[in-house]
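Q: give me a model of this one.
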Amino acid sequence: MKFITKKTLSLLCSLLILLSLTPLLPFKAQAASNESLTDRIYGNTLYDTAVEISKQGWDYAPIVVLATGKNFPDALTGTVLANKLNGPLLLTESDRLTPAVAEELRRLNTREVYLLGGTVALSTGIEEALKSQGILPRRLAGWDQYGTAAEIARSATSSSSQAFLVNGELFPDALSISSYAAAQGIPILLTRSDSLPPETAKVINDLGISEVTIIGGTAVIKESIEEQLSKLPQPVKVTARYAGYDQYETNTVVLNQLSFDTSKVYVATGQNFPDALAGAALAAKTKAPILLIPSTQLGSTTTGYLTQKRASGSAFTIFGGWGVISYAMESIIRTGNVQARVSLQYTQGGLGGINGMLNQVKSIPSPATDYADIIAPSWYYLDDTADGNVVGGWDATPKDYKEFTSYVQSRNLKVLPVFQSSWSTPKTVDTVMASPTARAKLIGQIMNLVSSVNADGVVIDFEFMSNETGPYLTQFMKELYAQLHPLNKLVIQAVMPRTGAEAWLAEFDYPALAQYVDYLHVMTYDYSHGTPGPIAPLDWAGKVMKYTRDQGVDMHKVLLGIPYYGVDWTATGNSSAPYNRRPRGLHTLFGTTSDKDLSGMMELIAKYNSAVQRDASQVPYFSYTDADGIHTVYYDDAQSWQAKMELLSQYGLGGIGAWSLYWAVNPESSSVIFSVLKQHLR
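A: Got it, this is the predicted structure:
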């Protein structure tokens, strides 16, 4: 059987009728209270992220610390100096003053900048660029990172009885202690693993340091260092060593042993240094900790720390975009559920337009993040000119789009507008994908639209294609992903469901496409179209998932399609078109008329006293007769949704993509739907 896309003209017409009856809410709705569980500070690049961190913490900073974003040793100990100067720590390219940094220095009205490291780390051209802005550069540099750290320590404090000692060739341990050391004004010094550098020994003497806390185990800083410290002209005592079996356990040992204000916990990747380094200057202002996390699975100590702080009411702020700390990892940080999965919810327009979409988002209970992660409004379509141009879908202005995005984001949800195929000329997507010029134009328009509405990424839903377009579609996704991913924008692609038995749909090359997306939404619905049958039979959905897995796709990237709607088939007696097809919700939709088109499944069952049966995949169905003829109705309810959700664990899926949120606007429907989502996704 040939699958028909969810956006057929007949379904569209039904939606237009139904949505015209939806009561409109004032668009500028207030943000839901107490929903911000996890904030994220990020920019398009690591330099932009440091600038965004600066904007969060400082409106004015006459003195700023500047380090290279390319290599860590010279920058590692700069947070202590930045805190003393009450300024941010910004990052720039080694060979030039990054434009975003230059602009931030102007915003801060900066008059003096400390450059960390020699001219290899930060070129003389950067000094000249600063001078051209009327800023005095001051360079702190030694022969190597050990000498630079010593110079930074001398500038940060004239004397200190204590210091932290970290390995100068590894960055995570320094990042673990950086915000605490900065808040307390305690210098951080660097050492080799087995020998104390003379520059470090000298600054210890110069500052009068008598006690040292070592960060890292004996594999990182050997016991011989303790002996060398004890034999200095002014012997130094090692008062403590904070260490774990790896950098993440060492990090949590530090956070648990020292006194932090944990009302807010900052989270950064432990795979690289820039975000945590710049973020530590912000964290030090409130004596907050920096929690380091890996890119994939959390260790038990990190999980335990998150659990403890979550229970005590800590708020979490993430440094860096989704390319650094994934959306799935953010969900784990937020919920503590290692099985946390993504919930993608599509919103529809129609005659209700942008306000109708807002009603759909408002149907999500508070906190919205218990049930949803991503809202995908159907806003944009390929123009029938087939030249790569994009047109808007509903009667809304750019201002409406931005306000919608702002409201959704105020509920801690992400907005990914959907870019879809043309309905009028199905071959449009074939033409656009085959043309490098049209693809480039389309990508440019997508980039501009995403930027203009402050969206968090895109959903690409191109259908109506020939098999021959497959390679071009993959190339398009590769080109688009290369543009959006570095900007920390999520990329999701909706693809038609395949079991491998079809003679069509070969344009959707699952393993190839999966390389260029964050998630692949496999639309496992609309199975039955011409004759009565289930929308998403469980056995068929399982075959689709098995095919996807057998193709070698990373199943953590796969979103299972979930239909919120059912279909009412009416026998016509016409052999060429034996059934009329009308989509319906679980319950009656809101409206001001008694039009039976609004009736939901539950109301029809009650009205006609119909007996509900279930097919082999637990999908309910029933029949009734009225003036129009004999009806056969298939739909989904809690039991059938629950059965589909079992596929999440069976195939290790990344989450669900639900079509369409419109059908959940009735509280009776939403109470059923959202309870299932929370149970299986959270």
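Q: what's the span of stretch 64-74 from first residue to last?
A: 16 Å (CA to CA, to the nearest Å).
Q: tell me which residues in that stretch are buried?
A: For stretch 64-74, a neighbour-count test (16 or more other CB atoms under 10 Å) marks 64, 65, 66, 67, 68, 69, 70, 72, 73, 74 as buried. For every residue, glycine as well, the C-beta is placed using N, CA and C.
Q: cool, and stretch 612-622?
A: By neighbour count on 16+ other CB under 10 Å, the buried set for stretch 612-622 is 617, 618, 619, 620, 621, 622.
Q: endpoint to endpoint, it covers what distance?
A: End-to-end distance for stretch 612-622, by CA to CA: 5 Å.
Q: got any ranges where the chain has weak pLDDT?
A: Applying pLDDT under 70 to the chain flags residues 1-38, 337-340, 350-352, 393-396, 590-598.
Q: domains for it, by residue range?
A: As assigned by automatic domain parsing, the chain contains the domains 9-30+342-565+636-681, 39-335.
Q: number of residues surrounding the nearest residue to residue 665 once chain neighbours are set aside?
A: Leaving aside its sequence neighbours, residue 665 sits nearest to residue 363 (CB to CB, 6 or more residues apart in numbering; 4.6 Å). By other CB atoms under 10 Å, 23 other residues sit near residue 363.
Q: residue 194 now?
A: Residues near residue 194, counting by other CB under 10 Å, number 11.
Q: tell me, what residue is most central in this structure?
A: The residue lying closest to the centre of the chain (CA atoms, centre = their mean) is residue 327, at 3.5 Å.
Q: that one and residue 492 touch, don't they?
A: No: between residue 327 and residue 492 there is no contact under CB atoms under 8 Å: 10.2 Å.
Q: which neighbours do the two have in common?
A: residue 518 (CB atoms under 8 Å, 6 or more residues apart in numbering).
Q: now the strands for the stretch 151-300 of the chain?
A: Shown for the stretch 151-300 of the chain, the strands assigned by DSSP state E, counting those that start in this stretch span residues 162-167, 188-191, 211-215, 237-242, 264-269, 290-293.
Q: same list (the buried residues of stretch 64-74) but as TSV, adding distance to residue 510 and secondary structure.
A: Formatted as TSV, those follow (distance: CB to CB, whole Å; DSSP: H, G, I helix; E, B strand; the rest coil):
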residue	distance to residue 510	secondary structure
64	48	strand
65	48	strand
66	46	strand
67	43	strand
68	41	strand
69	36	coil
70	37	coil
72	39	coil
73	44	helix
74	46	helix
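Q: sorry, back to before: return the residues in contact with the residue nearest to residue 665.
A: Neighbouring residues of residue 363 by CB under 8 Å, 6+ apart: 661, 664, 665, 666, 667, 670.
Q: what do you get if the cut-off is 7 Å, keeping everything else the same?
A: Counting by CB atoms under 7 Å, 6 or more residues apart in numbering, residue 363 makes contact with 661, 664, 665, 670.
Q: to residue 572, which of the domains of the chain lies closest?
A: Among the domains of the chain, the nearest to residue 572 by CB to CB is domain 9-30+342-565+636-681 (11.6 Å).
Q: any idea how far that closest one is from the chain center?
A: Put simply, domain 9-30+342-565+636-681 sits 16 Å off its chain's centre (CA atoms, centre = their mean, to the nearest Å).
Q: give me the number of residues near the residue nearest to residue 668 when sequence neighbours are not counted?
A: Excluding the flanking residues, the one nearest residue 668 by CB to CB, 6+ apart is residue 587, at 4.3 Å. Applying other CB under 10 Å, we find 22 residues neighbouring residue 587.
Q: show me the helices in the stretch 251-400 of the chain, by range?
A: Here the stretch 251-400 of the chain has its helices, by DSSP state H, counting those that start in this stretch, at 274-285, 300-311, 327-335, 353-362, 398-410.
Q: would you reformat those as JSON lines and include distance to residue 210?
A: Listed next are these as JSON lines, based on distance: least, CB to CB, whole Å:
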{"stretch": "helix 274-285", "distance to residue 210": "24"}
{"stretch": "helix 300-311", "distance to residue 210": "31"}
{"stretch": "helix 327-335", "distance to residue 210": "39"}
{"stretch": "helix 353-362", "distance to residue 210": "60"}
{"stretch": "helix 398-410", "distance to residue 210": "51"}
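Q: winner for burial among the ones you listed?
A: Comparing those by mean neighbour count (mean count of other CB atoms under 10 Å), helix 274-285 ranks first with a mean of 28.
Q: which residues touch that one?
A: Everything outside helix 274-285 that qualifies as a contact, by CB under 7 Å, 6+ apart, is 46, 49-50, 53, 56-57, 69, 75, 79, 82-83, 88-91, 175, 178-179, 182-183, 266, 268-269, 289-290, 292, 319-320, 324.
Q: quick one, which of the residues you listed are buried?
A: Buried by 16+ other CB under 10 Å: 46, 49-50, 53, 57, 69, 75, 79, 82-83, 88-91, 175, 178-179, 182-183, 266, 268-269, 289-290, 292, 319-320, 324, out of the contacts of helix 274-285.
Q: so residue 380 makes contact with residue 389?
A: No: the criterion here is CB atoms under 7 Å, and residue 380 misses it with residue 389 at 10.4 Å.
Q: so which of the strands of the stretch 151-300 of the chain is nearest residue 147?
A: Among the strands of the stretch 151-300 of the chain, the nearest to residue 147 by CB to CB is strand 188-191 (9.3 Å).
Q: list the contacts of residue 40.
A: Taking CB under 7 Å, 6+ apart, one finds residue 318 in contact with residue 40.
Q: could you tell me whether residue 126 really is in a helix?
A: Yes: counting by DSSP: H, G, I helix; E, B strand; the rest coil, residue 126 is located in a helix.
Q: assign the residue nearest to it when sequence neighbours are not counted to helix, strand or coil.
A: Leaving out its chain neighbours, the residue that sits closest to residue 126 by CB to CB, 6+ apart is residue 97, at 5.0 Å. Following three-state DSSP, the label given to residue 97 is coil.
Q: what is the neighbour count of residue 97?
A: 24.
Q: likewise for residue 177?
A: Neighbour count for residue 177, taken as other CB under 10 Å: 29.
Q: hmm, who's touching the longest helix seen in the chain?
A: Counting residues, the longest helix found in the chain (DSSP state H) is helix 436-452. Helix 436-452 has contacts (CB under 7 Å, 6+ apart) with 380, 387-390, 398, 419, 432-433, 458, 476, 479-480, 483, 489.
Q: okay, the angle between that helix and helix 398-410?
A: Per axes from the mean of the first three to the mean of the last three CA atoms, to 10 degrees, the angle that helix 436-452 makes with helix 398-410 is 60 degrees.
Q: now the element after helix 436-452, going C-ward?
A: Counting by DSSP states H and E, the next helix or strand C-terminal to helix 436-452 is strand 457-461.
Q: that next one: which residues count as buried?
A: Across strand 457-461, burial judged by 16+ other CB under 10 Å covers 457, 458, 459, 460, 461.
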